[in-house]
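> Build the 3D model from these lines:
(2 chains)
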2 protein chains.
Amino acid sequence: MKKVVVHSPGTVANLVCGFDILGLALSEPYDIMEVTLIDEPKVTIQNLDTFNLPVEPEKNVAGVVLISVMEKLNNQFGFDVRIEKHIKPGSGIGSSAASAAGAAVAANQLLGNIFSKAEMVQFAMNGEKLASGVKHADNIAPCIYGGISLIRSIHPLDIISIPAPELFVTVVHPQIEVRTSDARQILKQQVPLKDAIRQWGNIAGLVIGFLKNDFDLIGRSLEDVIIEPVRSILIPGFDELKSSCKEAGALGGGISGSGPSVFMLSKTYETALAVAAVMNNIYYRLGIDKNTYVTNINPLGVSIQSK
Amino acid sequence: MKKVVVHSPGTVANLVCGFDILGLALSEPYDIMEVTLIDEPKVTIQNLDTFNLPVEPEKNVAGVVLISVMEKLNNQFGFDVRIEKHIKPGSGIGSSAASAAGAAVAANQLLGNIFSKAEMVQFAMNGEKLASGVKHADNIAPCIYGGISLIRSIHPLDIISIPAPELFVTVVHPQIEVRTSDARQILKQQVPLKDAIRQWGNIAGLVIGFLKNDFDLIGRSLEDVIIEPVRSILIPGFDELKSSCKEAGALGGGISGSGPSVFMLSKTYETALAVAAVMNNIYYRLGIDKNTYVTNINPLGVSIQSK
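Numbers count the residues shown, from 1 in each chain, chains lettered A, B, ... in the order given. Modelled structure (predicted):
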């Protein structure tokens, strides 16, 4: 029986000014998924972690992705899946996207690379729909393409891949709960035109900075005048965290996805470590447990470990 | 006496989804300005065209720019200026910006290249302030830098120059009046968040397209869901014009500045000519006089012809 092991990484969506359109892949943390092609048209799921996610395939993010692949190809086969998640559900760094994208990439590998990356994103979006009710792609696209992804449009799906600049990422996950649905509900549905203009100036600056490896421009453009002022109230210590991390040398950063994780970009590994120390100190003082990651932008996305 | 002749080109601001932040320089039309450095601390202006613009320096766009240069350098000198404008005032292709930018570049040349481009933009913005009441830079920056300019921020001024892709531009100027102040007043001051998100996806796609010479991406991204639906009602025949130009092969386009000119980008000179024929036919049928230009993106901006 054909079997594949993939590493499916965490991702940062809603990249500061790039709400709903820009995401990046992290090198760590990542989930490990072992997927086996079987003759029977069914999906079985086994969790190797302690998150107690559902194992019924139609209630499991990886499960619904694999079912959609089976249905596309007329149910001539099935999958056994063993998942060892390291990306905590609800952390805001693309836990469900990692399961969904990992399942799509593993299935494609087992079936002989018959799908394009854009098609794998489409399959994986069924998993995001299950997890959050919305078929969004700003975690899934960077998880599959690697680097930074622009989702120019969802209908029709238009993904533009931006090569990964050599930047280090510090992520802190304070152990508090922010529900995606709450984070979405507090957003204002109308925004001032002058703020929208400032935001699209920053978006343009940010993508130019990424393409030209202009780190100063990236830093100047990492400003969100629309979403962050509203959502950051859900994250304890956010304003102090951001200003202290920038004092420690970070180019800038913001809320990862819909939170509660916060990420910062830095030019060097040493700065990224110093930023992690700042983050740890602040949450220690606030008495909030946290996980901290010091990593870089993952240029490859989901990687195939063995066949 | 030192003398310089400059050609100062028209520009397209508010580049479709890039309202207030993106502009490009045209190779044609351009104004011709002859500027002479004189010993006396005064500015004299002579018009060599039929537009009857004011010749009092403090009421003339080029005049106020030159006065601001003189004040900066303690009035040790002055300028005689002869202006032959070819960019019709009120056309929406940067007529006042051409006078302002041409004056700043000519003065800098006469004074021994003592100013940076960003400083020349600052001087020239005084001319835009006189013309429109607002110190905006999205015509002036491409006029001085050439190619395409991103104005990421006005306060503080942050201009990012994007090299000119090899694209042809067709511009039609229907001879109707659209006041910049009217065009600004009809804009809604609040925009739906979902439209703002779509707009910043397009902005990101457009600048990536420009940087990568990805013409299909440029075409897909030339969409404005916020400003154009409101302002296009001021321009007779706009919807038909746009769809017919795209049928004729244009990548896309929109209102130039605050109108009434409309521009279209094309991959080849032949397509740009066909687009001009479409534009001419429509305004002929509507009984509206027009000027049409078939040109390309000007990579250099204001050019110095002789010293």
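> could you pull out the helices for the stretch 51-200 of chain A?
A:61-72, A:95-110, A:117-132, A:140-145, A:180-185, A:193-212 (DSSP state H, counting those that start in this stretch).
> What would the fifth one look like as CSV? C-alpha coordinates only.
Extracted in CSV, the C-alpha atoms of helix A:180-185 (Å, rounded to 0.1, in the frame of the first residue of the first chain):
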residue,chain,number,x,y,z
THR,A,180,-12.6,33.5,15.0
SER,A,181,-16.3,34.3,14.9
ASP,A,182,-16.0,36.9,17.7
ALA,A,183,-12.9,38.4,16.1
ARG,A,184,-14.9,38.8,12.9
GLN,A,185,-18.1,40.1,14.5
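> So is it next to chain B?
No - on the criterion CB under 8 Å from any CB of the partner chain, helix A:180-185 is out of touch with chain B, staying 10.5 Å away. Where you see a C-beta, it was placed from the backbone N, CA and C, and this is true even at glycine.
> helices or strands next to that helix in the packing?
Counting contacts by 3 or more CB pairs under 8 Å, 6 or more residues apart in numbering or on different chains; DSSP states H and E, helix A:180-185 is packed against no other helix or strand.
> Residues touching that helix, excluding its own?
A:132, A:133, A:231, A:234, A:257, A:258, A:259 (CB atoms under 8 Å, 6 or more residues apart in numbering or on different chains).
> Can you tell me which of the residues you listed is closest to chain B?
residue A:231 (12.7 Å; CB to the nearest CB).
> For that closest one, identify the helix or strand it belongs to.
helix A:228-231 (DSSP states H and E).
> and that helix, what's its mean pLDDT?
Average pLDDT, helix A:228-231: 94.
> Dump the helix or strand just after that helix to PDB, keeping only the CA atoms.
Counting by DSSP H and E, the element after helix A:228-231 in chain order, helix or strand, is helix A:238-247. Output of helix A:238-247 as PDB, limited to C-alpha atoms (Å, rounded to 0.1, in the frame of the first residue of the first chain):
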ATOM      1  CA  PHE A 238      -0.900  43.900  22.600                       C
ATOM      2  CA  ASP A 239       0.200  47.600  22.400                       C
ATOM      3  CA  GLU A 240       3.100  47.200  24.800                       C
ATOM      4  CA  LEU A 241       4.100  44.000  23.100                       C
ATOM      5  CA  LYS A 242       4.200  45.600  19.700                       C
ATOM      6  CA  SER A 243       6.100  48.700  20.700                       C
ATOM      7  CA  SER A 244       8.600  46.700  22.900                       C
ATOM      8  CA  CYS A 245       9.300  44.200  20.100                       C
ATOM      9  CA  LYS A 246      10.000  47.100  17.700                       C
ATOM     10  CA  GLU A 247      12.300  48.600  20.300                       C
END
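> Sort out which residues of helix A:238-247 are buried, please.
A:238, A:241, A:242, A:244, A:245, A:246 (16 or more other CB atoms under 10 Å in any protein chain shown).
> ok, back up a step: export the contacts of helix A:180-185 to TSV and tack on distance to residue A:24?
Shown next, in TSV, are these (distance: CB to CB, whole Å):
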residue	distance to residue A:24
A:132	19
A:133	24
A:231	18
A:234	22
A:257	11
A:258	16
A:259	16
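> Now which of those would you call buried?
For those, buried by 16+ other CB under 10 Å: A:132, A:231, A:234, A:257, A:258, A:259.
> Tell me which other helices or strands the helix or strand hosting residue A:284 touches.
Assessed by DSSP H and E, residue A:284 sits inside helix A:269-286. In terms of contacts (3+ CB pairs under 8 Å, 6+ apart), helix A:269-286 is packed against strand A:168-174, helix A:238-247, strand A:262-266, strand A:290-296.
> ok, and for it, which residues are buried?
Those would be A:271, A:272, A:273, A:274, A:275, A:276, A:278, A:279, A:282, A:283, for helix A:269-286 by 16+ other CB under 10 Å.
> can you redo those residues as CSV with pLDDT?
Output for these, formatted as CSV (pLDDT from 0 to 100):
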residue, pLDDT
A:271, 98
A:272, 98
A:273, 98
A:274, 98
A:275, 98
A:276, 98
A:278, 98
A:279, 98
A:282, 97
A:283, 97
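> I'd like a version of those residues in JSON lines, one that adds distance to residue A:50 as further columns.
Output for the buried residues of helix A:269-286, formatted as JSON lines (distance: CB to CB, whole Å):
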{"residue": "A:271", "distance to residue A:50": "33"}
{"residue": "A:272", "distance to residue A:50": "28"}
{"residue": "A:273", "distance to residue A:50": "28"}
{"residue": "A:274", "distance to residue A:50": "32"}
{"residue": "A:275", "distance to residue A:50": "29"}
{"residue": "A:276", "distance to residue A:50": "25"}
{"residue": "A:278", "distance to residue A:50": "30"}
{"residue": "A:279", "distance to residue A:50": "24"}
{"residue": "A:282", "distance to residue A:50": "27"}
{"residue": "A:283", "distance to residue A:50": "22"}
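> what's the most distant pair in those residues?
Spatial extent of those (CB to CB) is set by the pair A:271 and A:283 at 19.1 Å.
> List the residues that contact the nearest residue to residue A:218 once chain neighbours are set aside.
The shortest distance from residue A:218 to any non-neighbouring residue, by CB to CB, 6 or more residues apart in numbering or on different chains, is to residue A:209 (3.7 Å). Residues near residue A:209 by CB under 8 Å, 6+ apart: A:165, A:215, A:216, A:217, A:218, A:221.
> from the buried ones among the contacts of helix A:180-185, which two are the most distant?
The widest separation within these (CB to CB) is 16.3 Å, between A:132 and A:234.
> Kindly reformat the helices of the stretch 51-200 of chain A as a markdown table and extend each row with mean pLDDT.
Formatted as a markdown table, the helices of the stretch 51-200 of chain A follow (pLDDT from 0 to 100):
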| stretch | mean pLDDT |
| --- | --- |
| helix A:61-72 | 97 |
| helix A:95-110 | 98 |
| helix A:117-132 | 94 |
| helix A:140-145 | 98 |
| helix A:180-185 | 78 |
| helix A:193-212 | 97 |
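> where does the stretch 151-300 of chain A come near chain B, residue by residue?
A:151-153, A:158, A:160, A:162, A:187-194, A:196-208, A:211-212, A:217, A:220-221, A:226.
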